[in-house]
Structures are given as structure tokens and as C-alpha cells.
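Asks: Here's a sequence, model it:
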Amino acid sequence: MPENRPALIEAAEEIKHAIRQKGVQEDELHLQLGLENTTPAFQNHDLILTLGPQAASYALQNSKHNVLIFTYVEEAFIREKTAARKPGSWAAVVINQPLVRMQKLADLLLRERNKKTVLIANSLNNDLVNQQVANLPVEPNVHILHRSIEANARDIARLEDEFYQAGLVLAPLDRTLWRGKNARLLLHQAYSYKVPVIAHSRAFTKAGAMMALYLGKSEVAEETAELAYTWLAANSFGQQAVIYPAANIDINDNIARALRFDPDRIRQQIKEGASREEVLGRYSSAR
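Replies: Below you'll find the predicted structure:
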């Protein structure tokens, strides 16, 4: 992993602890800090575990024969980087929330609302989200309104009719449309039309989204440890695996009440039976 990244160092310690809980001895775990102009400190028979995209690129360049586990990377990024990699030689615990989870949450929230339309907006070049939208299950009484647009203020302003129709907006991971000034414009427009936004990161609930499904360090650690344990037992993962850890939920209570939602009721609904698994996912999707 890169040096000087306190959040990743904390995550690495959680992963190390989770792997030790599987019975791996302390002296079998090695943390390599610093990637620039560094001689790799691993052998061909080692399992390489990376944190973040920089470490993932470094490992791919320096470990042609190793089995790899990537963590804290985006799915689109790691699929592109591993396109030429041997199947079964890697697995990734990604930061993306699968769109179907966000849709299931939207279905739950719209059951008692008049407007049953879910607006999904992403940038034109976000092929992963475009594909996930195309594969969403058809739900009775809920209409999916998908707009793949240029990430600029002019095209965002043209979404007025869509915001008027929408009962809820989904904000998937998108590095150009749902970022910076564009994200602020979208959140402002949604709030102007009194439409709640479900986002992919809890940073959005601080910025004006009503809710977020987000990644937790402990869920990443558990999934990563399970993958390491599988490798120890079989020296392989058996197939390419992109793993979505179970999500956590964050609600901006003030925004929810302003939009006439009861945040406590939302939390209770998600806790109930099948709703929890459909919305938050389950440990572990890899097996």
C-alpha cells in the first residue's frame, strides 16, 4: 500500500486482524509501505493483497505470477486493469454499491409514495452503470427513468422534467457527473423539486442527499480475510470474483424529515427480514 495514507493504514490493520482470526500466524503477514522506486518484497508463491488503486497497479506490474486480492478499488478500474490476467488468479473487494441494492431501497421507500418513478443519472462514458441499469429487474408499479448525459451544467439543467417526474433519485458511483460542482448542482436541483437522493457514499448525506449506502472497513476486512482463507485452502479462487461487501446505511435525518420521510421508520423497514439482505447485501457474496 502507499505510504502516508492514514485511512488505508487503519484499514490494513483491520484486514490483518481479520486474517489472523482465520488462524494465520503473525509472521506470515507482511505489510509493504511505499511503492515508488521500491523493490518488491514478495516471492512468486505469496498471496498479494493491495489497498487502493495505486497499490493495485504496482502489484499488477510487479507480480506476474502471484495470486492477487484487490481492495478499495472501483470495479470498472480493476476489470480494465485485469483484462489480460489469467482467470482465477485474482479477486477484488470493490467500493461500488451494486445498483440493484440501491434500486431495492428505492422500491422500499416508494411503496407509500404517490410518485413511483426512480431517476438514475450518470455520465455518458460510465459503461458499468449503463450495463447495470440495463440488467435491473423489472419491478411492478415502479418506473426506472435512466439518463446518461454529458457531465456539465447545461445538461444537468436540462433534467428539470426528469426531476419533476421523479419520486426518488439514485446517485451511483460516477467520477465525473456525481463529483464536485456537478454533484452540488444535482443535489440542489433534487432538493428544489423535493426529491430525495440515495447516494453511494456517506459524504453525500453531509452535502444534501437523504441517504447513502456506503462501504464499511469491517465488512471489507471480513470479505478479504475470507478470500485469503479460501486461497490458503485451495491456492486459487476458482474463478474471477468481484465482491460487493455488505453495505452500511447513513441517513440525514433533517433532510428526510424535510422531504416528509420518517428516518426511524426507514431504519426499521430495512431491519425487517428480507429487506435487510436485499438492500444491504449479505456476508459473503464471494462464496
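Asks: got a list of contacts for stretch 99-111?
Replies: With contact meaning C-beta atoms under 8 Å, 6 or more residues apart in numbering, stretch 99-111 is reached by 116, 118, 120, 129, 132-133, 135-137, 139, 142, 144, 167-168, 170, 172, 196, 198, 200, 211, 213, 244, 247, 261, 266, 269-270, 275, 278-281. Backbone N, C-alpha and C define where each C-beta goes, glycine included.
Asks: Which helix or which strand is home to the residue positioned nearest the centre of the chain?
Replies: For the chain, the residue nearest the mean C-alpha position is Asn96 (2.0 Å; C-alpha atoms, centre = their mean). According to DSSP states H and E, Asn96 maps onto no helix or strand at all.
Asks: ditto for Arg267
Replies: Assigned by DSSP H and E, Arg267 falls within helix 263-271.
Asks: any idea of the mean pLDDT in that helix?
Replies: For helix 263-271, the mean pLDDT works out to 90.
Asks: That one: which residues count as buried?
Replies: Using 16 or more other C-beta atoms under 10 Å as the test for burial, helix 263-271 gives 263, 266, 269-270.
Asks: on that earlier part again, which ones are touching the residue nearest to the centre of the chain?
Replies: If you count contacts by C-beta under 8 Å, 6+ apart, Asn96 has them with 74-75, 128, 172-173, 200, 244.
Asks: Please list the members of these that lie in strands.
Replies: Among the contacts of Asn96, the subset assigned to strands under DSSP state E is empty.
Asks: Neighbour-wise, which one of these leads?
Replies: Neighbour counts for the contacts of Asn96 (other C-beta atoms under 10 Å) peak at His200, which has 24 neighbours.
Asks: Just the buried ones from the contacts of stretch 99-111?
Replies: 116, 118, 120, 129, 132-133, 136, 142, 167-168, 170, 172, 196, 198, 200, 211, 213, 244, 247, 261, 266, 269-270, 275, 278-281.
Asks: and the lengthiest helix in the chain, C-alpha only, in CSV?
Replies: Taking DSSP state H as the criterion, the chain has its longest helix at helix 217-234. Extracted as CSV, the C-alpha positions of helix 217-234 are listed here (Å, rounded to 0.1, in the frame of the first residue of the first chain):
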residue,chain,number,x,y,z
LYS,A,217,-14.0,-1.1,6.9
SER,A,218,-15.1,-4.1,9.0
GLU,A,219,-17.1,-5.6,6.0
VAL,A,220,-14.1,-5.2,3.7
ALA,A,221,-11.8,-6.8,6.3
GLU,A,222,-14.1,-9.8,6.7
GLU,A,223,-14.5,-10.4,3.0
THR,A,224,-10.8,-10.1,2.4
ALA,A,225,-10.0,-12.5,5.2
GLU,A,226,-12.4,-15.0,3.8
LEU,A,227,-10.7,-14.7,0.4
ALA,A,228,-7.3,-15.2,2.0
TYR,A,229,-8.6,-18.3,3.8
THR,A,230,-10.0,-19.7,0.5
TRP,A,231,-6.6,-19.2,-1.1
LEU,A,232,-4.8,-20.9,1.8
ALA,A,233,-7.1,-23.9,1.3
ALA,A,234,-7.1,-24.2,-2.5
